[in-house]
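Enquirer: Build me a model from this:
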Amino acid sequence: MDRFQAMQVFQRIVEVNGFNKAAETLGLPASSVTQTIKSLEAYLGVRLLHRTTRRLKLTEDGERYYEHCKRILEDVENVEGSFPALQGNPRGRLRVDAPTSLGKTVLIPALKDFRERYPDIALTLTLTDRTADIVQEGIDCAIRTGAIADSSALVGRQVGSFSWITCASPEYLARAGEPSDVVSLRSHETIGYMLSRTGRPMAWHFEVDGEVTSFHPAGKLMVNDTESYIACGLEGLGIIRAGSFILQPHLESGRLRQVLPGYVSAPVAVSILYMHNRHQSPALRAFIAWVGTLFAVDPRFRASRARRKVPAAIKSTDA
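Expert: Alright, predicted model coming up:
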């Protein structure tokens, strides 16, 4: 039995609260993870984990061993990282979660640079519009948009921001006219973007004279995929509202045209999240720094709150 690997496996099982998740994030067969813990417990002569059908619980010996494992593994990483041959050359596995739209438009186009800089990091990138549980799913870090809920388990670092833009194709506007204010959206075909956690269309929020006005799309079309949503706008099926970083090329080409330019919303934060109490491996530190630079130099993520004076509107305008 490789005791060093056994400690790594045991630590990851505790962190993700499951054998299967630990196996997935470590790139090992589930049977190997199970056998490793059995061998480790036999070697130590103690039970480390109480297993039930729903969850795992550390025994008293398991808690003590886990704390020692964390310190030992951190010390090994720090010592190895101090040698010149390994400095600036982090290695290991890294699992990153990000929204589909950000992953496809920002991360993937830049991954060649990341792989050239850090060839020894094995990166697993999961793209989804579902908000994954970083702790339970064994994710090393995640990129998120919008307000971040307070959590003692997670650390969040803002890396940029973008704006929401309301727009439609020139063909749609020629056929249906252009809305003059938020209230007039009621008479238009507004396409809904279905949120996976609620099954309902995402509300559109506008700032009007310091107050937030909400509009709830209630058109005849609703989709749950970002690319499909933008495609609906390009095909002239109705008015859409999406992130400026996604819409920019279509606005520049003229295939989409912004409407209600004076009705804006607060910039949307883009943040990178990681566990507060998990040791930051050199691979994780490298990825966090790389993402920070990636967004810092991208002009699409320097949202401005500047806006012109617009007429007052009602606080809520359900269609």
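
Enquirer: Let me know the distance separating the closest residue to Glu235 other than its chain neighbours from Gln280.
Expert: Nearest non-adjacent residue to Glu235, counting by Cβ to Cβ, 6 or more residues apart in numbering: Ser169, 7.2 Å away. Any C-beta I mention is one placed from the backbone N, CA and C, and that applies to glycine too. Using Cβ to Cβ, to the nearest Å, one obtains 46 Å as the distance from Ser169 to Gln280.

Enquirer: Looking at these two, which is more packed in?
Expert: Remark: of Ser169 and Gln280, Ser169 carries more neighbours, 22 against 17, as counted by other Cβ atoms under 10 Å.

Enquirer: contact partners of stretch 239-252?
Expert: 101-102, 105-106, 145, 162-168, 172, 179, 185, 188-191, 193, 204, 226, 229-230, 232-234, 256-259, 268, 298, 300-301, 303 (Cβ atoms under 8 Å, 6 or more residues apart in numbering).

Enquirer: now the strands for the stretch 201-319 of the chain?
Expert: In the stretch 201-319 of the chain, the strands defined using DSSP state E, counting those that start in this stretch lie at 204-208, 211-216, 222-223, 240-243, 257-258, 268-275, 316-318.

Enquirer: Could you export those strands as a markdown table, including mean neighbour count, distance to Gln158 and mean pLDDT?
Expert: Output for the strands of the stretch 201-319 of the chain, formatted as a markdown table (neighbours: other Cβ atoms under 10 Å; distance: least, Cβ to Cβ, whole Å; pLDDT from 0 to 100):
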| stretch | mean neighbour count | distance to Gln158 | mean pLDDT |
| --- | --- | --- | --- |
| strand 204-208 | 19 | 19 | 87 |
| strand 211-216 | 16 | 21 | 88 |
| strand 222-223 | 18 | 29 | 92 |
| strand 240-243 | 24 | 16 | 95 |
| strand 257-258 | 14 | 25 | 96 |
| strand 268-275 | 20 | 5 | 90 |
| strand 316-318 | 14 | 29 | 38 |
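
Enquirer: Show me the one of the ones you listed that comes nearest Asp97.
Expert: For Asp97, the closest of the strands of the stretch 201-319 of the chain is strand 268-275, at 9.1 Å, according to Cβ to Cβ.

Enquirer: Correct me if wrong: Leu284 contacts Ile139.
Expert: No - counting by Cβ atoms under 8 Å, Leu284 stays clear of Ile139, with 10.9 Å between them.

Enquirer: one step back: of all the strands of the stretch 201-319 of the chain, which lies closest to Lys38?
Expert: strand 268-275 (27.1 Å).

Enquirer: What is that closest one packed up against?
Expert: Packing partners of strand 268-275 (3 or more Cβ pairs under 8 Å, 6 or more residues apart in numbering; DSSP states H and E): strand 141-145, strand 154-162, helix 282-296.

Enquirer: looking at these, which is closest to Tyr43?
Expert: Minimum separation from Tyr43 across the helices and strands packed on strand 268-275 (Cβ to Cβ) falls at helix 282-296, 28.5 Å.
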